[in-house]
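> What follows is a predicted protein model with its sequence.
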Amino acid sequence: MQRRSFVKTSLLATAATAVSPKLGSAAEKLKGGREFYELRAYTLKTEQQQKLVEGYFKDAFIPALNRLGFKAIGVFAELKPAGQTKIYALIPYNSWDDFINVQDKLAADAAYLEAGAAYLNAPATDPAYERIESSLLKAFAHMPKMQAPAQKPRIFELRRYEHASESAGQKKLEMFNDAGEVDIFKRLGFDPVFFGETVIGDLRPNLTYMVTFDDMAAHDSHWKAFGSDPEWKKISAIPDYADAKLVSRITPTFLVPCDCSQI
């Protein structure tokens with residue numbers, strides 16, 4: 001029995017050690033640390049559900065998070081949806097602790113519960129949404145904080161890079177952080193909002209980032225400039241950084257901010 005307990009304890013300790021570098025220590029704060037991002041996608045069937053979800057963010061969730069000190073909550077609809085749009089939400093947290101404690105704090109916020117009642121208490125016969133997909137991302141070392149763009153008419157591109165293996169994902173992170181790919185995005189005027197490694201969520205291993213443009217014409221011209229940039233050509237020519245080795249699939253999603261969005 002003692003040996004069995006020892007083995008069980010050892011396995012749990014090993015698992016905790018493996019996970020902790022990904023999540024960061026519980027004490028990791030914004031000062032000297034990196035933000036975490038919750039990325040939600042709401043599947044909806046009707047315009048009424050869309051109104052209810054957007055109203056929840058506008059009247060309940062965003063004000064409550066602002067009261068807790070969290071700023072720049074993003075809420076987006078698809079630019080050209082195939083049917084009823086999904087609603088995407090981008091929620092920044094200063095630390096891992098903030099993320100895991102936020103639900104308890106919301107549950108104790110009477111103003112939030114009252115303002116969000118229609119959404120929070122929607123019956124199964126008339127749900128507020130069909131399902132929520134949610135991922136937790138950790139900001140890149142080279143861009144540890146979200147940078148909200150100027151609030152003006154614009155489109156957002158959310159891009160997810162899936163990898164065939166964890167080692168390929170780590171190599172792609174190295175390419176963004178150490179080799180200078182993030183700097184190219186900034187220099188060419190992509191106005192990146194965030195870069196994040198998915199630590200919890202579907203389709204792992206992957207990384208996700210968001211860039212912005214005035215319109216689709218600007219999107220096309222920026223990506224054309226990126227592809228012909230001398231520094232990008234130099235980086236992408238390194239054999240270890242070849243996309244064929246590191247990236248299994250790229251999924252772009254084009255979004256526009258909802259009226260309640262703070263981004």
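On my side now, so go ahead.
> could you pull out the strands for the stretch 151-263 of the chain?
155-162, 194-200, 206-213, 249-257 (DSSP state E, counting those that start in this stretch).
> List the neighbouring strands of the longest one plus their orientation.
Just to be clear, that refers to strand 249-257. strand 74-78 (antiparallel), strand 155-162 (antiparallel) (DSSP bridges).
> Now do the helix or strand following the first one and strand 155-162, the angle between them.
If I follow you right, that is strand 74-78. Once the chain leaves strand 74-78, the next helix or strand it forms, by DSSP states H and E, is strand 87-93. Relative orientation of strand 87-93 versus strand 155-162 (axes from the mean of the first three to the mean of the last three Cα atoms, to 10 degrees): 80 degrees.
> mind saving the C-alpha coords of the next helix or strand after strand 87-93 as PDB?
Using DSSP H and E, the helix or strand that follows strand 87-93 in sequence is helix 96-107. Extracted in PDB, the C-alpha atoms of helix 96-107 (Å, rounded to 0.1, in the frame of the first residue of the first chain):
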ATOM      1  CA  TRP A  96      -3.600  32.400 -14.200                       C
ATOM      2  CA  ASP A  97      -5.100  33.100 -10.800                       C
ATOM      3  CA  ASP A  98      -7.400  35.800 -12.300                       C
ATOM      4  CA  PHE A  99      -8.700  33.300 -14.900                       C
ATOM      5  CA  ILE A 100      -9.500  30.500 -12.400                       C
ATOM      6  CA  ASN A 101     -11.100  32.900  -9.900                       C
ATOM      7  CA  VAL A 102     -13.200  35.100 -12.100                       C
ATOM      8  CA  GLN A 103     -16.300  32.800 -12.100                       C
ATOM      9  CA  ASP A 104     -16.400  32.800  -8.300                       C
ATOM     10  CA  LYS A 105     -16.200  36.600  -8.300                       C
ATOM     11  CA  LEU A 106     -18.900  36.900 -10.900                       C
ATOM     12  CA  ALA A 107     -21.200  34.600  -8.900                       C
END
